[in-house]
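Visitor: Just need the structure, nothing else, for what follows:
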Amino acid sequence: MKRSLSAPRGLILFAVPAVAIVVVPVVAVILRANWSNFLASISTDVSRTALVLSMRTSLLTTSLALIFGTPLAWLLASREFKFKSLLRALCVLPMVLPPVVGGVALLYAFGRRGVVGSALNDWFGWQLAFTQTAAVLAQFFVAAPFFIVVMEAAFGQIDQRVVGSARTYGAGPWRTFVTVTLGLVRPSLVAALVLTWARALGEFGATIAFAGNTEGRTQTVPLAVFSQLESGDDSALALSMLMMFVSLIVLVALRGKWISTLSGGQRQRVALARAFLSPSEILLLDEPTNSLDAVSRDEVRRAMKSFFATYEGIVILVSHDADEVAEIATRVANIEVVSRDITTARLSA
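Guide: Numbering: from 1, shown residues only. Model (predicted):
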């Protein structure tokens, strides 16, 4: 059974307003929804068209995030270059930018008189604004940063020794990336795709500013809810319920993969912290830094050396990293497997 410490007196009371502000509106929508007419409300021509358009544009947006966001996330996680911090900040800026402002920025960039849009219109006769393409661009602008953030964190946790081993055995760069690197981050990749799709599906502000709200052409589900709410149509409540169900399913599905699950490196650091906080007479550390990236590995090694300097017990460190052993250990036992039945050990100071 998990032990729980007593909370400060009265602390829980301060959580009640937060719960009320978040939960009461959701409960209100559930109570006010006309459940007997729910299917009919989401099956009207306007609602059905908006649903089909939302699914088409959000899935296309997610595909574009996968194709273009994966290399960008890998670049940010694996390479050091000038202005990297600035590039990262610009790539995730839409996460904190008001969506309507993002729509205005897209309009001035890709609109008929925009910086890029004017050239496209003059040279090719392409007009992006207030089209379904504009809806996809708006959704990508707002949703892709979520994909990039998740995947950058996932790529940053990869043990580069595993990737290097694949290259050593003859795998080319592309084969290593597709089969090894992406294979190691598969759970995070799935979570990033689902999260990106859900964010694209619910996009409103940037879409209405850049793509407009034309029924049957650019009116996605959030825009249809807005229009139906203005006209007093009960379908707005039904579509709102549908969007809430989708969002809840996404959150429940991602809970074990991204929202609450620690990465391997994070779990390893938590385990080390627990061992240091409640040390016993003998402390056994088996490959304590093998799941950490280079920066975290150096930080943890420094913390281990500082802890061992005052620790009075016995520490047994098992490691295949010769640099780690040379940096931390005071006495080393080299164990060599000669054959399946013969093992030799050599103790050195």
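Visitor: How many residues are close by Asn213?
Guide: If you count neighbours by other CB atoms under 10 Å, Asn213 ends up with 18. (Each C-beta comes from the backbone N, C-alpha and C, glycine too.)
Visitor: What residues does it make contact with?
Guide: Gln219, Leu223, Phe226, Ser227 (CB atoms under 8 Å, 6 or more residues apart in numbering).
Visitor: which of those residues are buried?
Guide: Buried subset of the contacts of Asn213 (neighbour count, 16 or more other CB atoms under 10 Å): Gln219, Leu223, Ser227.
Visitor: Test my guess that the last one contacts Thr218.
Guide: No: counting by CB atoms under 8 Å, Thr218 is not a contact partner of Ser227; they are 11.6 Å apart.
Visitor: before we move on, which element is the residue nearest to the spatial centre of the chain in?
Guide: Taking CA atoms, centre = their mean, the centroid of the chain lies closest to Val150, which sits 2.5 Å from it. Taking DSSP states H and E as the criterion, Val150 maps to helix 132-156.
Visitor: What sits closest to Ala209 if chain neighbours are left out?
Guide: Excluding the flanking residues, the one nearest Ala209 by CB to CB, 6 or more residues apart in numbering is Gly103, at 2.6 Å.
Visitor: right, I mislabeled it, should have said Val300
Guide: Leaving aside its sequence neighbours, Val300 is closest to Thr289 (5.4 Å, by CB to CB, 6+ apart).
Visitor: Check Ala129 too.
Guide: In space, Ala129 comes closest to Gly111 once its chain neighbours are excluded; the distance is 4.4 Å by CB to CB, 6+ apart.
Visitor: which residues touch the one you found?
Guide: Here Gly111 is in contact with Gly117, Leu128, Ala129, Phe210 (CB under 8 Å, 6+ apart).
Visitor: now, which of those residues lie within strands?
Guide: Per DSSP state E, strands hold no members of those.
Visitor: Pick out whichever of those sits closest to Phe141.
Guide: For those, the residue nearest Phe141 by CB to CB is Phe210; the value is 8.4 Å.
Visitor: so that closest one touches Ala129, yeah?
Guide: Yes: with contact defined as CB under 8 Å, Phe210 reaches Ala129; the gap is 6.2 Å.
Visitor: So what's the predicted local confidence for the residue nearest to Ala209?
Guide: pLDDT for Gly103: 93.
Visitor: State the number of residues packed around it.
Guide: 26.
Visitor: on that earlier part again, export the contacts of Asn213 as JSON lines, with columns for distance to Phe140, pLDDT and secondary structure.
Guide: Output for those, formatted as JSON lines (distance: CB to CB, whole Å; pLDDT from 0 to 100; DSSP: H, G, I helix; E, B strand; the rest coil):
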{"residue": "Gln219", "distance to Phe140": "18", "pLDDT": "92", "secondary structure": "coil"}
{"residue": "Leu223", "distance to Phe140": "17", "pLDDT": "93", "secondary structure": "helix"}
{"residue": "Phe226", "distance to Phe140": "21", "pLDDT": "91", "secondary structure": "helix"}
{"residue": "Ser227", "distance to Phe140": "23", "pLDDT": "90", "secondary structure": "helix"}
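Visitor: and Phe210 and Ala129? which has more neighbours close in?
Guide: Counted by other CB under 10 Å, Phe210 and Ala129 do not tie: Phe210 has more neighbours, with 29 against 23.
Visitor: Return the residues in contact with that one.
Guide: Contacts for Phe210 were tallied using CB under 8 Å, 6+ apart; they are Gly103, Val104, Leu106, Leu107, Phe110, Gly111, Ala129, Phe130, Ala134, Ala135, Leu137, Ala138.
Visitor: now for the strand or helix carrying Phe38, which elements pack on it?
Guide: If you go by DSSP H and E, Phe38 is part of helix 38-41. With contacts taken as 3 or more CB pairs under 8 Å, 6 or more residues apart in numbering; DSSP states H and E, helix 38-41 sits against helix 235-254.
Visitor: Sort out which residues of the helix it packs on are buried, please.
Guide: Buried, per 16+ other CB under 10 Å, within helix 235-254: Ser235, Ala236, Leu237, Ala238, Leu239, Ser240, Met241, Leu242, Met243, Val250, Ala253, Leu254.
Visitor: give me every residue that touches Glu327.
Guide: Shown in contact with Glu327 (CB under 8 Å, 6+ apart): Arg301, Lys305.
Visitor: on that earlier part again, thought the residue nearest to Ala209 was touching Gly212?
Guide: No: the criterion here is CB under 8 Å, and Gly103 misses it with Gly212 at 9.9 Å.
Visitor: Show the average pLDDT along stretch 83-97.
Guide: Averaged across stretch 83-97, pLDDT comes to 91.
Visitor: how long is it end to end?
Guide: 21 Å (CA to CA, to the nearest Å).
Visitor: contacting residues around that stretch?
Guide: Leu72, Leu76, Gly102, Phe141, Val142, Ala144, Pro145, Phe146, Ile148, Val149, Glu152.
Visitor: Reformat those residues as TSV; add distance to Leu87 and neighbour count.
Guide: Below are the contacts of stretch 83-97 laid out as TSV (distance: CB to CB, whole Å; neighbours: other CB atoms under 10 Å):
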residue	distance to Leu87	neighbour count
Leu72	9	18
Leu76	7	22
Gly102	18	21
Phe141	16	25
Val142	18	26
Ala144	14	25
Pro145	12	23
Phe146	17	22
Ile148	11	23
Val149	13	19
Glu152	11	22
